[in-house]
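Visitor: Below: sequence and its predicted model.
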Amino acid sequence: MLGVLIRGGDATVPGTALLIAAAPVGKGRLVDASSVLPALAAVPPSALTGTAAATVVELADPLDPQTVLTRIRAAAASEGPLFLYVAGQLQLDRKQQLPHLALARTTATTLRYTALPWHWLASELTIRRPGTTTVVVDLVTAPEVWQRITSEGPKLLALGSAIRLYGRVAPPPQRREPAVPAYLAACASIWRSGARPDPAALHEQAAVQAGGAGALLLAPPSATAVPPVGYAPAGAPGPKVPAPTPRDPHPAILAAAQAGRHEEAAAVAAAWEEHEVRTYGPGSSQAVHWLEVRADLARLAGDPAVSCELWMGAADARLGRHQATDDPDVEGAVDRAHHQWEQIRDREGARRLAPRLVALRRRVPGRQRGALRVLQRRLEQLHTGPPPVSGELGHA
């Protein structure tokens, strides 16, 4: 169910908070996710974003992953700071071995069609300006997800280096009763007390209050650094770092792409990439960011061949910066290149890009089992059979 839009304050560029509480209905429910929404609704909207004005949207026990995706996409298009608060449970797609946020109608057999793939969230946030987006989670995991997390660590849930990810991920509850989102409830309690700590301090306080021995705590490596862009605790004279100005190109670029002006969006992004290359040098993190923005814009424009090529360029650039082959940003770039290659319907175009993609897949196997084998099988089909059916590597 979609909650009412709430606005507070009178700033010209409000922050945006999207509250998602999702869990299956019935015996598959591991957490009573929506139980935390009343506590969060009692918090002043500005506390959720750290801005004088705020827009808040609630999604309580949504049924359809496309509905959730649409709301995430709309929130990602907002101009000001963005905060996503997610309470729910994670389950694993057994075919692709990818984590999904379970929704109201999710069951073990319908997971691929009724749950939200976690990497959709990362994909939709790609175009956001670094430092403007914070995701706060309070998640309970199914046994197979918890097993993966304990062996692989938090990289299973990585959203990219430009996104600040805070929160708590807990194992399946020992009792039959669903767990409660104690971490987000603690955040609400702290805000209702009148305190306005920055996100890093809030995370530390909420983790202590929530308890839960054995849970995995998530925080960015720079959690003790400056707060996100635009965040100003109550009583402070102003933001600790400058808020996005009208010169921030990301909202205008995304708006152009969503309006169908794809060439315009791509041209502006390319100009910014060229500027960052001149300023910081080829292969710099700033230049790679814009390369990835261009790759996602090509996806939005329905040009998978160009998107694939740009994502491969981003992966090569990150590897050239000596990022590890299991770095989430490197794996994400290769996974997205692979997914876009699967969407190419032109045989010659797919064959042209395949050798480079195969070479990347050999260097970066990723966390999706058999990805290289799937790629090679599809390449054989290009030479001997009908065009491959897209989708085996999931959505990116």
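Guide: All right, it came through fine.
Visitor: so for the longest strand seen in the chain, what's the average pLDDT?
Guide: Secondary structure assigned by DSSP state E gives strand 82-93 as the longest strand of the chain. Average pLDDT, strand 82-93: 94.
Visitor: same deal with stretch 149-165?
Guide: 84.
Visitor: Can you give me the first-to-last residue distance of that stretch?
Guide: End-to-end distance for stretch 149-165: 15 Å, by CA to CA, to the nearest Å.
Visitor: going forward can the numbers begin at 515, since that is how I track them
Guide: With 515 as the first residue, the last one maps to stretch 663-679.
Visitor: Provide the contact partners of that stretch at residue level.
Guide: Outside stretch 663-679, the residues that touch it by CB atoms under 8 Å, 6 or more residues apart in numbering are 613, 632, 635-636, 639-640, 642-645, 647-649, 651, 655, 659, 662, 683, 713, 730, 732-734, 742, 799, 803, 840, 842-843, 846, 881. Any C-beta I mention is one placed from the backbone N, CA and C, and that applies to glycine too.
Visitor: check which helix or strand covers the most centrally placed residue in the chain.
Guide: Nearest to the geometric centre of the chain sits residue 636, at 2.6 Å (CA atoms, centre = their mean). Secondary structure from DSSP states H and E places residue 636 in helix 632-638.
Visitor: how far does that helix sit from the chain's center?
Guide: Chain-centre distance of helix 632-638: 4 Å, with CA atoms, centre = their mean, to the nearest Å.
Visitor: For stretch 609-619, buried residues please.
Guide: 610, 612-619 (16 or more other CB atoms under 10 Å).
Visitor: Which members of these define the maximum pairwise distance?
Guide: Distance extremes for the buried residues of stretch 609-619: the farthest pair is 610 and 618 at 21.9 Å, using CB to CB.
Visitor: Extract the CA atoms of the longest helix seen in the chain and return them as PDB.
Guide: As assigned by DSSP state H, the longest helix anywhere in the chain is helix 776-794. C-alpha atoms of helix 776-794 as PDB (Å, rounded to 0.1, in the frame of the first residue of the first chain):
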ATOM      1  CA  HIS A 776      18.100  10.300 -25.000                       C
ATOM      2  CA  GLU A 777      20.600  12.000 -27.400                       C
ATOM      3  CA  GLU A 778      20.600  15.100 -25.300                       C
ATOM      4  CA  ALA A 779      21.100  13.200 -22.000                       C
ATOM      5  CA  ALA A 780      23.900  11.200 -23.500                       C
ATOM      6  CA  ALA A 781      25.600  14.300 -24.900                       C
ATOM      7  CA  VAL A 782      25.500  16.100 -21.600                       C
ATOM      8  CA  ALA A 783      26.900  13.100 -19.700                       C
ATOM      9  CA  ALA A 784      29.700  12.700 -22.300                       C
ATOM     10  CA  ALA A 785      30.600  16.400 -21.900                       C
ATOM     11  CA  TRP A 786      30.800  15.900 -18.100                       C
ATOM     12  CA  GLU A 787      33.000  12.800 -18.600                       C
ATOM     13  CA  GLU A 788      35.300  14.700 -20.800                       C
ATOM     14  CA  HIS A 789      35.500  17.500 -18.200                       C
ATOM     15  CA  GLU A 790      36.400  15.000 -15.500                       C
ATOM     16  CA  VAL A 791      39.000  13.400 -17.700                       C
ATOM     17  CA  ARG A 792      40.600  16.800 -18.300                       C
ATOM     18  CA  THR A 793      40.400  17.700 -14.600                       C
ATOM     19  CA  TYR A 794      41.300  14.400 -12.900                       C
END
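Visitor: which intervals of the stretch 615-764 of the chain have sub-threshold pLDDT?
Guide: 727, 735-762 (pLDDT under 70).
Visitor: That one: strands as residue ranges?
Guide: 630-631, 647-655, 678-684, 730-732 (DSSP state E, counting those that start in this stretch).
Visitor: Next, format those strands as TSV and append distance to residue 719.
Guide: As requested, those are exported to TSV (distance: least, CB to CB, whole Å):
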stretch	distance to residue 719
strand 630-631	29
strand 647-655	13
strand 678-684	12
strand 730-732	12
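Visitor: Would you mind giving those strands as a markdown table with mean neighbour count added?
Guide: Below are those laid out as a markdown table (neighbours: other CB atoms under 10 Å):
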| stretch | mean neighbour count |
| --- | --- |
| strand 630-631 | 24 |
| strand 647-655 | 25 |
| strand 678-684 | 23 |
| strand 730-732 | 19 |
